[in-house]
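Novice: only geometry, no sequence info:
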């Protein structure tokens, strides 16, 4: 009995970690990439780990359709592609309308909730310096992979048109 518990204690966490990695990789493989401007930027906070805190800036147009979450609507941003390496135009709409009529649709609350990016300790100083300089020059970008359900996942940091860090 003890041997079975030991095996379960070792194997179950490995299975959970593997499942999480596979899920993330499938999300990235089945998603469309969008590049958003970074509006605000704070260097990593050592008390919270090696993170770059940021704020996604949206080039918002007028609402495409009325969307009221307090009335049960599922709100998305209708994304219209403006070309490679150019942030998309974003218009608020219901998710049904955005998925049917737009180049892409992302769940509004989930995109706005993106506020930090993990930086590997070995590259923290270099990435912080490069991204800080790019933010000052307004050339900092965040590549976000959005799947068919409108779920966003951060894929990469871009500074001065070059991907400086990418998730795997």
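Specialist: That came through fine. A quick note: this is a predicted structure, and the numbers were derived from the prediction, not measured. Residues are numbered from 1 along each chain as shown.
Novice: What is the longest strand that the chain contains packed up against?
Specialist: Longest strand of the chain, by residue count under DSSP state E: strand 32-42. Judged by 3 or more C-beta pairs under 8 Å, 6 or more residues apart in numbering; DSSP states H and E, strand 32-42 is in contact with strand 51-57, strand 104-107, helix 124-136, strand 140-146. For every residue, glycine as well, the C-beta is placed using N, CA and C.
Novice: Now do the helix or strand following the second one: which elements does it pack against?
Specialist: Which is strand 104-107. Following strand 104-107 in sequence order, the next helix or strand is helix 108-112 (DSSP states H and E). Contacts defined by 3+ C-beta pairs under 8 Å, 6+ apart place helix 108-112 against strand 75-80.
Novice: roughly how far out does the strand it packs on sit from the chain middle?
Specialist: On the basis of C-alpha atoms, centre = their mean, to the nearest Å, the separation between the geometric centre of strand 75-80 and that of its chain is 15 Å.
Novice: same thing with stretch 82-93?
Specialist: Worked out by C-alpha atoms, centre = their mean, stretch 82-93 lies 15 Å from the chain centre.
Novice: Check which residues of it are buried.
Specialist: Of the residues in stretch 82-93, 87, 88, 89, 90, 91, 92, 93 count as buried by neighbour count, 16 or more other C-beta atoms under 10 Å.
Novice: pLDDT below threshold where in this structure?
Specialist: For the chain, the stretches flagged by pLDDT under 70 are 1, 20, 22-30, 40-49, 69-73, 167-168.
Novice: Can you pull the domain assignment for it?
Specialist: As assigned by automatic domain parsing, the chain contains the domains 1-30, 32-166.
Novice: So which of the helices and strands packed on strand 32-42 is nearest residue 77?
Specialist: Between residue 77 and the helices and strands packed on strand 32-42, the tightest spacing by C-beta to C-beta is seen for strand 104-107, at 5.2 Å.
Novice: quick one, phi psi at residue 122?
Specialist: Dihedral pair for residue 122: phi -70, psi -20, per degrees, to the nearest 10.
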